[in-house]
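>>> coordinates for the following, if possible.
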Amino acid sequence: MVVLLLGCLNLGAADARTEISKELSIQLQAWNRGDIPAFVETYSLNCTFVGKQILRGRSQLLARYRTQYPSPAAMGKLSFSNLDVEVLDEQIAITTGKWDLDRHMSAGGPIGGVFSLVWKIQDGRWRIVLDHTTQAQNPAPAAGH
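Alright, predicted model coming up:
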């Protein structure tokens, strides 16, 4: 019986990882086509974002992204790497990873950092309830450049 329960939990965890990976892919595609409202759709309506400031709610997050990234050039091309999804139970999961934004120097240059996301099932879909994102400091240009 215990083996059967563990098998079901592992199957559920695999399904959760697959669904969360799909949500991240949807998010990435939305960003890279310049669709900020679709990008934030993955967030819970009452999400919390922790970065340079703490924001509460999807509407505040949407406003932040629209202000920080007012044009497709400023948005650049987003990529994720080093993704790890840890399923805590059938309702909660955590994702950690690295983000990079490739954009022209005239639009602010490339930036990146790391993030951790807490996911929760809401209305049958995995939603981000907490996003803690940091931006790495841009390396100093080499001498003579």
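
>>> which residues does Ile128 bridge with?
Beta-bridge pairing for Ile128 (DSSP bridges): Tyr43, Trp119.

>>> then Ile92?
Under the criterion used here (DSSP bridges), Ile92 is bridged to Lys120.

>>> per-residue confidence for it?
If you check Ile92, the pLDDT there is 97.

>>> again with Tyr69
96.

>>> before we move on, what about Cys8?
42.

>>> in which helix or strand does Leu28 reside?
Following DSSP states H and E, one finds Leu28 within helix 2-32.

>>> following the chain onward from that helix, which element is next?
helix 36-40.

>>> could you measure from the closest residue to Gly34 other than its chain neighbours over to Ala93?
Counting by CB to CB, 6 or more residues apart in numbering, Gly34 lies nearest to Pro72, which is 4.3 Å off, once chain neighbours are set aside. Backbone N, C-alpha and C define where each C-beta goes, glycine included. Look at Pro72 and Ala93: by CB to CB, to the nearest Å, they are 31 Å apart.

>>> where does this protein have its least confident helix or strand?
The weakest-scoring helix or strand in the chain, judged by mean pLDDT, DSSP states H and E, is helix 2-32 (a mean of 77).
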